[in-house]
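> The following block contains a protein sequence and its predicted model.
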Amino acid sequence: MPDQTTTGTLLNAMRANPPLVQCITNFVAMNIAANVMLAAGASPAMVHAEEEAAEFAAISGALTINIGTLSTGWLAGMLSAARSARETGKPWVLDPVAHYATAFRRKAVAQLLELQPTIIRGNASEIIALAGGAGRGQGVDSRDPVELAEELARQLAERHECVVAVTGVTDFVTDGRKARRIAGGSPLMPQVTALGCSLTCLVGAFAATTPDNPFDATVAALAVFAVAGEQAGAAADGPASFSWRFLDALAALDAETLSAKARIMTA
Ligand SMILES: Nc1ncnc2c1ncn2[C@@H]1O[C@H](COP(=O)(O)OP(=O)(O)O)[C@@H](O)[C@H]1O
Ligand SMILES: Cc1ncsc1CCOP(=O)(O)O
Ligand SMILES: [Mg+2]
C-alpha cells in the first residue's frame with residue numbers, strides 16, 4: 001500500500017527535521033493550531049505583520065494563509081508573505097475561510113489566488129463556492145457533503161495548477177489528475193473550533209518536508225488528522241475531552257501506526 005507507507009515515511013521525515021512553518025492564521029485558531037503543530041512534530045510561528053511577513057516567509061520552510069479573521073493590515077501581510085514565498089520557491093497553503101460571506105473576503109481571496117497557492121484546503125462549502133458553485137456554507141461552517149465538492153475540486157485544481165483538499169466526513173485530495181479519499185476522524189471534530197485551520201497549518205508542515213510533492217504532503221497531513229481524530233474520538237466524552245485527547249493522540253502517533261491505520265483510497 002504505497003500511500004500508507006509514504007504517509008508514515010513523511011511523518012518520520014518531518015519529525016527528524018521539524019520544519020519552520022509561518023502560519024498566518026486567525027485569532028480563534030492561533031493557540032490550538034500552534035499546539036497541533038508542536039504535537040505533530042513541526043515548528044510553527046504565527047507571524048502576520050506586514051512589516052515582517054515577507055522576510056519571515058523567506059526563512060520558513062512553508063507558509064500558510066488563513067483568512068478567518070481578516071483585516072486590511074493582515075491582508076497586506078498575507079499578500080507580501082505569499083509574494084515572498086513564491087519568489088523564494090517555498091510552498092504555500094491557502095485556507096479560504098468563509099470567503100463567500102462578504103465582498104472584502106471575496107476580493108482578498110481573488111488577490112491571493114493570483115499569487116498561485118501550492119495547495120488550497122477548505123471545507124466542502126468553501127471549495128464549492130471557490131470553484132464557482134452554489135455552496136450552502138454558513139459563516140465558517142460547511143453545510144455541504146464532500147462528495148458534492150469533488151468534481152469542482154478537480155476543476156479548481158486544474159484551473160490554478162495546485163493541489164486542492166476538501167475536508168469533511170471523508171476527505172478528498174486532487175491535483176486535477178489523480179485523487180484520493182481519506183476516511184477517519186470523528187464527528188466531534190467540527191464541534192471543536194479551528195481544527196480545520198490547524199489542519200491547514202499541518203499541511204504546510206508536510207509541504208515543507210516534501211516541497212516537490214505537495215500531493216503526497218497533503219494526503220499525509222489529512223491521514224494524520226484522520227487517524228489521531230479517530231483515536232481521540234473513540235475515548236472522548238464530548239468536544240472538550242476530544243480536544244486534549246486529540247493533542248495527545250497526535251503526539252503519540254508513530255509512523256508504523258499511521259501507515260497501518262490510515263485509510264487512503266484512490267478516487
Ligand atoms: N463528520 C466528520 N467525521 C469525521 N471527521 C470529520 C468530520 N467533519 C470534519 N472532520 C475532520 O475535521 C477536520 C477539519 O475539517 P473540516 O471540519 O471540514 O474543516 P473546517 O474546520 O475548515 O470546516 C478534518 O480532519 C476532517 O476530516
Ligand atoms: C469561528 C471562527 N470565526 C472566524 S475564524 C473561525 C475559526 C474557524 O475554524 P475552522 O475553519 O477550522 O472551523
Ligand atoms: Mg475552515
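All right, it came through fine. Residues are numbered from 1 along each chain as shown. Ligands and ions are numbered 1, 2, ... in the order given.
> and stretch 135-147 with ligand 2, contact?
Yes - judged by Cβ under 6 Å from any ligand atom, stretch 135-147 comes into contact with ligand 2 at Val140. Yep, even glycine has a C-beta here, placed from its N, CA and C like the rest.
> hey, C-alpha coordinates of that stretch in PDB?
In PDB, the C-alpha atoms belonging to stretch 135-147 read as follows (Å, rounded to 0.1, in the frame of the first residue of the first chain):
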ATOM      1  CA  GLY A 135     -22.300  26.200  -1.700                       C
ATOM      2  CA  ARG A 136     -24.600  26.200   1.300                       C
ATOM      3  CA  GLY A 137     -22.000  27.300   3.800                       C
ATOM      4  CA  GLN A 138     -23.000  29.300   6.900                       C
ATOM      5  CA  GLY A 139     -20.200  31.600   8.000                       C
ATOM      6  CA  VAL A 140     -17.200  29.400   8.700                       C
ATOM      7  CA  ASP A 141     -19.200  26.200   8.800                       C
ATOM      8  CA  SER A 142     -19.800  23.800   5.900                       C
ATOM      9  CA  ARG A 143     -23.300  22.500   5.200                       C
ATOM     10  CA  ASP A 144     -22.400  20.500   2.100                       C
ATOM     11  CA  PRO A 145     -21.100  16.900   1.800                       C
ATOM     12  CA  VAL A 146     -17.600  16.400   0.500                       C
ATOM     13  CA  GLU A 147     -19.000  14.300  -2.400                       C
END
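> how about whatever residue of the stretch 1-150 of the chain ends up closest to ligand 1, what does it touch?
Ligand 1 sits closest to Asn123 of the stretch 1-150 of the chain, with a gap of 3.4 Å, by Cβ to the nearest ligand atom. Contact analysis of Asn123 by Cβ atoms under 8 Å, 6 or more residues apart in numbering lists Gly137, Asp141, Ser142, Asp144, Val166, Thr167, Gly168, Gly196.
> repeat for Leu115
With contact set as Cβ under 8 Å, 6+ apart, Leu115 has these partners: Leu79, Ala82, Arg83, Arg86, Trp92.
> Closest to Ser259 out of those residues?
Trp92 (27.6 Å; Cβ to Cβ).
> gap between the closest one and Lys107?
Computed as Cβ to Cβ, to the nearest Å, the Trp92 to Lys107 distance reads 19 Å.
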